[in-house]
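**Q** Below are the sequence and a predicted model; questions follow.
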Amino acid sequence: MELSNQYNEDTAAAVKENLIQVLHENNKLAEKIDYRNFGELIKTINEASAIFLIASGRSGFSMRSVAMRLMHLGLKVFFVGETTTPAIKAGNLLWAASGSGTTSTIVKAAEKAKQMGAKVIAMTTNASSLLAEMADVHILIPAAEKEDHNGAKSKQYAGSLFEQAVLLLGDAVFMELWKIDGTPAEELWKRHANME
């Protein structure tokens, strides 16, 4: 019993320290990001007739969360790869996130979006990646890539910091869009899923 209590106390302290590390890294990253291109992102979202979001893996979960918030604003939004996602066309926006900027499915989706006359906004950790270079607007998130194992940019595993940044930046963009929109929270809530 004594050993179990010590284990619980040690584990509790370690998890607290880990969370402090995660928050510290996100705060540090927030200071390093160049925010100038977010104005273009918000303008393009407001002008787009439909918004398509794409990312894979854990970044995909973050972007799905962003898609949900855009839906709450009443925007026409789709996550690429879902069976109900329609064709992209001119006047639409593809908002893509890929840490490396080389994920083949995301690069192909961006190529198709460009061919169809849609705008592409990309978030990556690599400004010289194929995705960054083909995007109309690139937002650099200077976090560690999945295979940065030396801990210089993040002590977290793989692309965790990038994936967290995608979610947090998505929420920050939503907050700005919501300010512009001005719809009360009670009205947004009516759009929330009611078949959960």
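**A** Nice, I can see it. Since the structure is predicted, the reported quantities are computational estimates derived from the model, not experimental observations. Numbers count the residues shown, from 1 in each chain.

**Q** Next one: L94 from V15, what distance?
**A** Per Cβ to Cβ, to the nearest Å, L94 is found 38 Å from V15. C-beta: built from backbone N, CA, C; applies to glycine.

**Q** Check V120 too.
**A** 39 Å.

**Q** quick one: which of these two has more around it?
**A** Taking other Cβ atoms under 10 Å, V120 and V15 do not tie; V120 has more neighbours (25 against 10).

**Q** The more buried one should be in a strand, yeah?
**A** Yes - counting by DSSP: H, G, I helix; E, B strand; the rest coil, V120 is part of a strand.

**Q** switch to numbering from 43
**A** Sounds good: first residue 43 from here, last item V162.

**Q** how long is stretch 90-99 from one end to the other?
**A** End-to-end distance of stretch 90-99 (Cα to Cα, to the nearest Å): 26 Å.

**Q** If you could redo that for stretch 187-195, that was the one I meant.
**A** Taking Cα to Cα as the criterion, the two ends of stretch 187-195 lie 9 Å apart.

**Q** Give the full set of residues in contact with the nearest residue to E153 once chain neighbours are set aside.
**A** Leaving aside its sequence neighbours, E153 sits nearest to M176 (Cβ to Cβ, 6 or more residues apart in numbering; 6.9 Å). Shown in contact with M176 (Cβ atoms under 8 Å, 6 or more residues apart in numbering): V149, A152, E153, K156, V162, A164.

**Q** Buried ones among those residues?
**A** V149, A152, K156, V162, A164 (16 or more other Cβ atoms under 10 Å).

**Q** tell me which residues form a beta bridge with the last one?
**A** Read it as A164. For A164, the beta-bridge partners are A138, H180 (DSSP bridges).

**Q** Okay, it and I148: tell me how far apart.
**A** Taken as Cβ to Cβ, the span from A164 to I148 is 8 Å.

**Q** Go ahead and flag the most central residue of the protein.
**A** By Cα atoms, centre = their mean, the chain has its centre lying nearest to V208, at 2.8 Å.

**Q** Hmm, S101 and that one touching each other?
**A** Yes - using Cβ atoms under 8 Å, V208 is in contact with S101, at 5.4 Å.

**Q** what residues are shared contacts of these two?
**A** Counting by Cβ under 8 Å, 6+ apart, the shared contacts of V208 and S101 are A139.

**Q** what helices or strands is whichever strand or helix holds V64 leaning on?
**A** Taking DSSP states H and E as the criterion, V64 maps to helix 44-74. Helix 44-74 sits against helix 202-223, with contacts defined as 3 or more Cβ pairs under 8 Å, 6 or more residues apart in numbering; DSSP states H and E.

**Q** angle of the helix it packs on against helix 44-74?
**A** 60 degrees (axes from the mean of the first three to the mean of the last three Cα atoms, to 10 degrees).

**Q** what's the nearest residue to A132 if we skip its chain neighbours?
**A** Once flanking residues are discounted, A132 sits nearest to G159: 3.2 Å by Cβ to Cβ, 6+ apart.

**Q** That neighbour: neighbouring residues, count only.
**A** Neighbour number of G159 under other Cβ under 10 Å is 11.
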